[in-house]
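Enquirer: here are the coordinates; sequence isn't available:
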């Protein structure tokens, strides 16, 4: 039963439940002024004991995030303005840190993938890469989003490396890398940098030069990094809400 004593591994999970409830509030799943689900429902959802949920609710009540009303349940409190601002600033910084770490990973790995691809790419794969970049160029000129094409280009490079481990790793982490291709980060300038960088990588692949391909990829990612890190958290209204990689 959900109300039984939790196993030792679950006794210390209430902090995790605290974060899960805060995330539900942040995403709007739990609304300010609204009543949160019963303890039993939350316990079943998070796969913890009701006592664990109870501890989390108590902690959030002490932080003035939730409010327990005797005989009526627990509600999400309206946050103070300063708390909202602090929370927003923390979220921006956390996202910036994550994107920086993603770009560090990409700079460590993808130039070497491009070098391998320069040795092993087939004419058919080169043609597919060119088609992707042509489609990117058309979307760029139309002011359209192109993150799917960007991801397809880099995944095809991993395939062209002919290294199964490289391909599997890049496919596995693609969901994480997508954060660095977020639509909210893809300015018109970034879309242009993406197209130009991809064309230079293709040029290196066509001549079969691993060193040139490695350099082209590194310079491409460094250009993208400069644009992204200068824009994370800034107002993007001047770009009409459109972005690209």
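Expert: Perfect, I can see it now. Note that the structure is a prediction, hence the values are computed from the model and not measured.
Enquirer: so the residue with the largest distance to the centre of the chain, which of the three states?
Expert: Taking CA atoms, centre = their mean, the residue of the chain most remote from its mean C-alpha position is residue 71, at 41.1 Å. Secondary structure for residue 71, judged by DSSP: H, G, I helix; E, B strand; the rest coil, is coil.
Enquirer: how much space separates it from residue 14?
Expert: 24 Å (CB to CB, to the nearest Å). From N, CA and C alone the C-beta is placed, and that goes for glycine too.
Enquirer: next one: residue 65
Expert: Residue 65 sits 14 Å away from residue 14, going by CB to CB.
Enquirer: poorly predicted segments of the chain, please.
Expert: 1-12, 78-94, 179-180, 182-186, 231-245 (pLDDT under 70).
Enquirer: specify the residue ranges that define each domain of it.
Expert: 9-76, 83-231 (the TED database).
Enquirer: highest mean neighbour count out of those domains?
Expert: The highest mean neighbour count among the domains of the chain, using mean count of other CB atoms under 10 Å, belongs to domain 83-231: a mean of 17.
Enquirer: quick check: bridge partners of residue 76?
Expert: Here residue 76 shows beta-bridge partners residue 66, assigned using DSSP bridges.
Enquirer: does it really touch residue 64, like I thought?
Expert: No: applying CB atoms under 8 Å as the test, residue 76 and residue 64 come out as separate, 10.8 Å apart.
Enquirer: quick one: residue 153 and residue 135 touch, right?
Expert: No: applying CB under 8 Å, one finds residue 153 not in contact with residue 135, separated by 9.8 Å.
Enquirer: next, the distance between the ends of stretch 64-77.
Expert: Taking CA to CA, to the nearest Å, stretch 64-77 runs 7 Å from one end to the other.
Enquirer: ok, which stretches of this protein are helices?
Expert: Remark: helices assigned in the chain by DSSP state H are 14-26, 39-46, 50-62, 81-120, 123-141, 147-160, 164-177, 188-206, 210-231.
Enquirer: now residue 178: how far from residue 24?
Expert: Distance, residue 178 to residue 24, by CB to CB: 22 Å.
Enquirer: let me redo that: residue 167
Expert: Distance from residue 167 to residue 24, by CB to CB: 36 Å.
Enquirer: next one: residue 195
Expert: From residue 195 to residue 24 the distance is 39 Å (CB to CB).
Enquirer: what's the answer for residue 143, then?
Expert: 35 Å.
Enquirer: residue 42 now?
Expert: From residue 42 to residue 24 the distance is 9 Å (CB to CB).
Enquirer: and residue 191, by the same measure?
Expert: 34 Å.
Enquirer: circling back: output the helices of the chain in JSON lines; the columns should cover distance to residue 32.
Expert: Output for those, formatted as JSON lines (distance: least, CB to CB, whole Å):
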{"stretch": "helix 14-26", "distance to residue 32": "8"}
{"stretch": "helix 39-46", "distance to residue 32": "18"}
{"stretch": "helix 50-62", "distance to residue 32": "13"}
{"stretch": "helix 81-120", "distance to residue 32": "10"}
{"stretch": "helix 123-141", "distance to residue 32": "38"}
{"stretch": "helix 147-160", "distance to residue 32": "32"}
{"stretch": "helix 164-177", "distance to residue 32": "30"}
{"stretch": "helix 188-206", "distance to residue 32": "35"}
{"stretch": "helix 210-231", "distance to residue 32": "29"}
